[in-house]
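Engineer: Sequence and predicted structure below; questions after.
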Amino acid sequence: MKLYNTETKIKTEFVPINPEHVTMYVCGPTVYNYCHIGNFRPPVVFDVLARVLRAKYPKVTYVRNITDIDDKINAAAAEQGVSIAHISEKFTQAYHDDLAVLGVRDVDVEPKVTEHVTEIHQEIQSLIDRGYAYEAQGHVLFSVASYSDYGKLSKRDPEELLAGARVDVATYKKDSGDFVLWKPSDDDQPGWDSPWGRGRPGWHIECTAMAAKHLGDTIDIHGGGNDLVFPHHENERAQSTCSHGAKFVNYWLHNGLINMNQEKMSKSLGNVLLLKDLAKEIPGEVIRYILLSAHYRAPLDWSDDVIQQAKSSLERLYGALRKMVDVDVPSDIGNQIPRAFDDAMSDDLNTPKALAELFALAKQANTATSIDEQVTIKAAMMQSGQWLGLLQQDPEVWFSGDRDAAQADEIERLIVERAQAKADKNWARADEIRDRLSAKKVVLEDSANGTIWRIES
RNA sequence: GGCUCGAUGGCAGAGUGGUUAUGCAGCGGCCUGCAAAGCCGUGUACGCCGGUUCGACUCCGGCUCGAGCCUCCA
């Protein structure tokens, strides 16, 4: 398959270091608050990538970390008068709950920073030993000037990064672009003993330590939102390369951001839509569909219009599947994923094009005349849907929306009554029942095989 | 200011040097008791100005506008 690499700025054939084992690292959340929909674009996008890779390679190890050491967590704990662990555990759980709503599969390893302080110490020591880092006033800093390749990932001029007059330069820094690997903690701040005194890790070294421990010095794919390119990934690249003396990442993948009213959705801007809130309004699968309806590198504008369109689009796909509920797909049918779908997914994860292939299958399903045809189409839709993490629900469940069994029974009872009215050619009564259900957002669909219902989207 | 990226029909969103993206919405038809769903048909879309070319939405240059990064941020 082909992937676009941020570092080389071109799309190239993906060649793993070990064809038997693909390695992938994605930056996870800092657990100090609930996550918004923008935060979930990387987990969803890279979940899809992992699914495709697992279909194509014998083994994939996908690592996504939890950042549970951070000054924002400390601040939240202090503000709420609870322990730091309480905050990080609470929001780690919330994150997992949200991922489940979106149908994101578990990663292979989900390392926590608190469990990797020793590894972080080792990385820092290695950087000091190799002459890339220095100690100053209780801090350990990475010396940007010591690494000639610095700035290459984010296409930044190293001279400018060194000089960088924009921010107040801390007195202990040799160059303003130098960044912290270890910083001292006051008595009232959380800290870990280290060769450089009691303190806590800087903002970038954790990923270096965790990626190295779980995936090795050189990894195939590293992903994240494109707002992480600088400084986070640039710094990770510098740390890992200098600490291990090896290339860090072969393919850097970055997703575009989600916009809210033409502006990036971000916690600092305050224009966020929390996933847990949105999920009360619309199914997680609709959110996932929206996230996959644009190419992952393109920006995505969030709007009510987009939500409505996604609902209707998914209805079309589930509608085709619903017509084939009685079609049994043999478990040994083998790979039925259409070539065009595979090609689209293999072309730098072109999910919009892949979805178009899914709609082509839906049309085939709606016009199929034989069971044999339907078996093949249904298998193709289900397997393709699995790559995207869509269409895996029972269509009946999907169309019944938020109605419980008792409500469904009542609807069925009215449908039976209406069927009798229709048989009696009592159209007034039949329409009255339909209108009554319509008022409750239940839409009826008559067919040769009887009447089915769905919840209005 | 510097560095990246983008500008496609009412909306969302792929793609291509000369042929239908796809979906949503709309319109006409079929089906239906009427609907809904589905099917068939339907839209003179490619920011602006130049250039290259037999031919450009697609390549090149300039411009305008928008977004991201340059500070924590997915």
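Structural biologist: Good, I have the coordinates.

Engineer: Which positions within the helix or strand hosting A:Val443 qualify as buried?
Structural biologist: Using DSSP states H and E, A:Val443 maps to strand A:442-447. Within strand A:442-447, the residues scored as buried using 16 or more other C-beta atoms under 10 Å are A:442, A:444. C-beta: built from backbone N, CA, C; applies to glycine.

Engineer: Counting by contacts, list what the helix or strand A:Asp372 falls within packs against.
Structural biologist: Assigned by DSSP H and E, A:Asp372 belongs to helix A:371-388. Packing partners of helix A:371-388 (3 or more C-beta pairs under 8 Å, 6 or more residues apart in numbering; DSSP states H and E): helix A:41-56, helix A:304-322, helix A:339-346, helix A:351-367.

Engineer: quick one, phi/psi of the closest residue to RNA strand B within the stretch 101-250 of chain A?
Structural biologist: At 1.8 Å from RNA strand B, A:Gly225 is the closest residue in the stretch 101-250 of chain A, using C-beta to the nearest atom of the strand. The phi/psi pair for A:Gly225 (degrees, to the nearest 10) reads phi -70, psi 150.

Engineer: Please name the residues that touch it.
Structural biologist: A:27, A:38, A:41-42, A:254-255, A:257 (C-beta atoms under 8 Å, 6 or more residues apart in numbering).

Engineer: tell me the pLDDT at A:His86?
Structural biologist: Per-residue confidence (pLDDT) for A:His86: 95.

Engineer: ok, it - contacts?
Structural biologist: A:Ala77.

Engineer: any idea where the strands of the stretch 151-300 of chain A begin and end?
Structural biologist: Taking DSSP state E, counting those that start in this stretch as the test, the strands found in the stretch 151-300 of chain A are A:179-184, A:199-201, A:219-225, A:249-255, A:258-260, A:263-264, A:300-302.

Engineer: Among those strands, show the one with the smallest mean pLDDT.
Structural biologist: strand A:263-264 (a mean of 80).

Engineer: and that strand, which strands flank it?
Structural biologist: strand A:258-260 (antiparallel) (DSSP bridges).

Engineer: Show me the contact partners of the partner strand.
Structural biologist: Residues contacting strand A:258-260 (C-beta under 8 Å, 6+ apart): A:37-38, A:41, A:264-265, A:271-273, A:299-302.

Engineer: hey, what's A:Lys112 bridged with?
Structural biologist: A:Ile66.

Engineer: my read: it touches A:Asn65, true?
Structural biologist: Yes. With contact defined as C-beta atoms under 8 Å, A:Lys112 and A:Asn65 form a contacting pair (7.2 Å).

Engineer: So for those two, which sits in the more crowded spot?
Structural biologist: A:Asn65 (24 against 17; other C-beta atoms under 10 Å).

Engineer: ok, now which ones touch that one?
Structural biologist: A:25, A:27-28, A:110-113, A:206-207, A:210.

Engineer: did I read that right, A:Ala428 in a helix?
Structural biologist: Yes. Per DSSP: H, G, I helix; E, B strand; the rest coil, A:Ala428 lies within a helix segment.

Engineer: And it, how close does it get to A:Gly202?
Structural biologist: Note on A:Ala428: its distance to A:Gly202, by C-beta to C-beta, to the nearest Å, is 75 Å.

Engineer: So those two - more neighbours on which side?
Structural biologist: Set A:Ala428 next to A:Gly202 and count neighbours by other C-beta under 10 Å: A:Gly202 wins out with 20 against 9.

Engineer: From A:Gly151, how far off is the more buried one?
Structural biologist: For A:Gly202, the distance to A:Gly151 - C-beta to C-beta - is 18 Å.

Engineer: can you check A:Ser438 too?
Structural biologist: For A:Ser438 relative to A:Gly151 (C-beta to C-beta), the value is 61 Å.

Engineer: more crowded one of the two?
Structural biologist: More crowded of A:Ser438 and A:Gly151, by other C-beta under 10 Å: A:Gly151, with 21 against 13.

Engineer: can the strand holding A:Val443 be found next to RNA strand B?
Structural biologist: Yes. Interface with RNA strand B: strand A:442-447 contributes A:443-447 (C-beta under 7 Å from any atom of the strand).

Engineer: now the stretch 51-200 of chain A, which segments are flagged as low pLDDT?
Structural biologist: A:161-169 (pLDDT under 70).

Engineer: which residues of it fall in helices?
Structural biologist: A:71-80, A:84-101, A:117-129, A:158-163 (DSSP state H, counting those that start in this stretch).

Engineer: Report the inter-axis angle for the longest one versus helix A:41-56.
Structural biologist: Angular relation of helix A:84-101 and helix A:41-56 on a 0 to 180 degree scale: 60 degrees, by axes from the mean of the first three to the mean of the last three C-alpha atoms, to 10 degrees.

Engineer: re the thing from before, A:Ala76: which of the residues of strand A:442-447 next to RNA strand B is nearest?
Structural biologist: Checking those against A:Ala76 by C-beta to C-beta gives A:Val443 as the nearest, at 45.0 Å.

Engineer: which residues does that closest one form a beta bridge with?
Structural biologist: A:Arg454.

Engineer: ok, so what distance separates it from A:Gly389?
Structural biologist: Distance from A:Val443 to A:Gly389, by C-beta to C-beta: 27 Å.

Engineer: Also A:Asp175?
Structural biologist: 45 Å.

Engineer: Between those two, tell me which one has more neighbours.
Structural biologist: A:Gly389 (20 against 16).

Engineer: what's the closest non-adjacent residue to the more buried one?
Structural biologist: Nearest non-adjacent residue to A:Gly389, counting by C-beta to C-beta, 6 or more residues apart in numbering: A:Gly103, 4.6 Å away.

Engineer: what do you get for A:Leu321?
Structural biologist: With C-beta to C-beta, 6+ apart, the residue lying closest to A:Leu321 is A:Pro395, at 4.7 Å.

Engineer: Now for that neighbour, how many residues are close by?
Structural biologist: 20.

Engineer: How about A:Ile282, nearest residue that isn't a chain neighbour?
Structural biologist: A:Ile307 (6.0 Å).

Engineer: I'd like to know how many residues surround the one you found.
Structural biologist: Count around A:Ile307 with other C-beta under 10 Å applied: 18.
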